[in-house]
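Enquirer: When you get a sec, could you give me coordinates for this:
(one chain, ligands or ions: 1)
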Amino acid sequence: MANKLTIALLQLPVGADVAFNVRRAVDSVRKLKAENPKLQLAILPESFNAPYGQEHFPKFAEQVPEGPTCQSLSQLARELGIYIIGGSIVEREGTKLYNTCTVWAPNGSLIGRHRKIHLFTMSIEPANAGGVQFDEAAVLTAGSELTVVEIGQQKVGIGICHDKRFEELARIYRTMGCSMLVYPSAFCICQGPMHWELLQRARATDNQVFVVTCSPARDNMSGYVAYGHSMVVNPWAQVQREAGEGCEFIVEEIDFDMVEQVRRQIPIFKQRRTDVYAKARLDS
Ligand SMILES: O=C(O)CCC(=O)C(=O)O
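Expert: Numbering: from 1, shown residues only. All right, here's what the predicted structure looks like:
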């Protein structure tokens, strides 16, 4: 039992009314806990409290942890006695804005604050699956800290969406002892079909960890159409659970014995030739 964790992914719709979005998230977690008493960790999507988009960020920014969204998550974690990985919100500190994921312990205390390290900057031409133009860096400041939290007996590495593209970050989390990586995310419908599952399975196979993503529900009428497909990938790099596109909640038991099994049977971490890599780095 100690090596198991029951988690929920809440693929929620997100509209323009922040108070309503937060209330819906809180009510949904409460209902899931009532239906699944074993639930230990709830995970929310990137930008779960407000619409995602450069034009929206300054308007919806809040302080961490004093702001109303954080206070609601803290109270909810304490009320239900569960961990919460609070997707992300736009955080304001002084004149700077960050895309920030907060992590809450069952006693309501803040145990992690991850500021997105790799800001989403991309210009895909329309000829490629409809294209996408996005430049978070025009409005947001990048975080500069790694975030590893202890959830039950497990070390969990946190990233936000675009962070999932960077294998170095996942590798460092693995070397720090993580058995699960969680990325609240909001890929759009352009690159989602190409890269969403591929990246998640790649990080899992490279590092022999569980990789979990949680997306907002798809809304074809919104300015930024999220891909959906919130997902649990296991350390064999198999898709263990996957949501569809709309509003959907997944409750899944994670068995961390699988991490040790995969690492024993395919011992790539021990086979790494860091001596060769170090030499190549010195030579280049
Ligand atoms: O990396 C990508 O393709 C999408 C990233 C993204 O949507 C985000 O970081 O919010």
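Enquirer: Residue of the stretch 1-150 of the chain nearest the ligand, please.
Expert: Using C-beta to the nearest ligand atom, the closest approach of the stretch 1-150 of the chain to the ligand is made by residue 120 at 3.3 Å. C-beta: built from backbone N, CA, C; applies to glycine.
Enquirer: Just give the number of residues close to that residue.
Expert: 23 (other C-beta atoms under 10 Å).
Enquirer: Counting by contacts, list what the helix or strand where residue 181 lies packs against.
Expert: Under the criterion of DSSP states H and E, residue 181 resides in strand 180-184. For strand 180-184, the packing partners by 3 or more C-beta pairs under 8 Å, 6 or more residues apart in numbering; DSSP states H and E come out as strand 154-158, helix 192-207, strand 210-214.
Enquirer: My guess is residue 33 contacts residue 82. True?
Expert: Yes. Counting by C-beta atoms under 8 Å, residue 33 does reach residue 82; the two are 6.5 Å apart.
Enquirer: Find residues that contact each of those two.
Expert: Both residue 33 and residue 82 are in contact with 39, 42, where contact means C-beta atoms under 8 Å, 6 or more residues apart in numbering.
Enquirer: can you pull the contacts of residue 188?
Expert: So residue 188 contacts 132, 224, 225, 226, 227 (C-beta under 8 Å, 6+ apart).
Enquirer: Kindly reformat those as a markdown table containing neighbour count, secondary structure and pLDDT.
Expert: Listed next are these as a markdown table, based on neighbours: other C-beta atoms under 10 Å; DSSP: H, G, I helix; E, B strand; the rest coil; pLDDT from 0 to 100:
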| residue | neighbour count | secondary structure | pLDDT |
| --- | --- | --- | --- |
| 132 | 20 | strand | 82 |
| 224 | 18 | coil | 88 |
| 225 | 19 | coil | 92 |
| 226 | 25 | strand | 95 |
| 227 | 21 | coil | 97 |
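Enquirer: now for the residues you listed, which pair is the farthest apart?
Expert: Farthest-apart pair in the contacts of residue 188 is 132 and 226; separation 11.9 Å (C-beta to C-beta).
Enquirer: What segments of the protein are helices?
Expert: Per DSSP state H, the chain carries helices over the ranges 18-35, 57-60, 68-80, 167-175, 192-207, 257-265, 268-271, 274-283.
Enquirer: elements contacting the last one?
Expert: The one in question is helix 274-283. Contacting helix 274-283 under the criterion 3+ C-beta pairs under 8 Å, 6+ apart is no other helix or strand.
Enquirer: Now do it, average pLDDT.
Expert: Mean pLDDT, helix 274-283: 85.
Enquirer: swap in the fifth one?
Expert: The average pLDDT within helix 192-207 is 97.
Enquirer: Tell me the residues of the stretch 101-250 of the chain that contact the ligand?
Expert: Proximity of the stretch 101-250 of the chain to the ligand (C-beta under 6 Å from any ligand atom) is limited to residues 120, 161, 162, 165, 186, 187, 188, 191, 195.
Enquirer: In contact with the fifth one, which residues?
Expert: What it means is residue 186. Going by C-beta under 8 Å, 6+ apart, residue 186 touches 45, 46, 47, 52, 161, 215, 216, 224, 226, 227.
Enquirer: now swap in the first one and tell me
Expert: Residues touching residue 120, when contacts are defined by C-beta under 8 Å, 6+ apart, comprise 134, 135, 136, 161, 162.
Enquirer: how does it look with 6 Å?
Expert: Applying C-beta atoms under 6 Å, 6 or more residues apart in numbering to residue 120 gives the contacts 134, 136, 162.
Enquirer: Just put the helices of the chain in TSV and tack on mean neighbour count.
Expert: Shown next, in TSV, are these (neighbours: other C-beta atoms under 10 Å):
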stretch	mean neighbour count
helix 18-35	17
helix 57-60	16
helix 68-80	19
helix 167-175	16
helix 192-207	19
helix 257-265	14
helix 268-271	10
helix 274-283	9
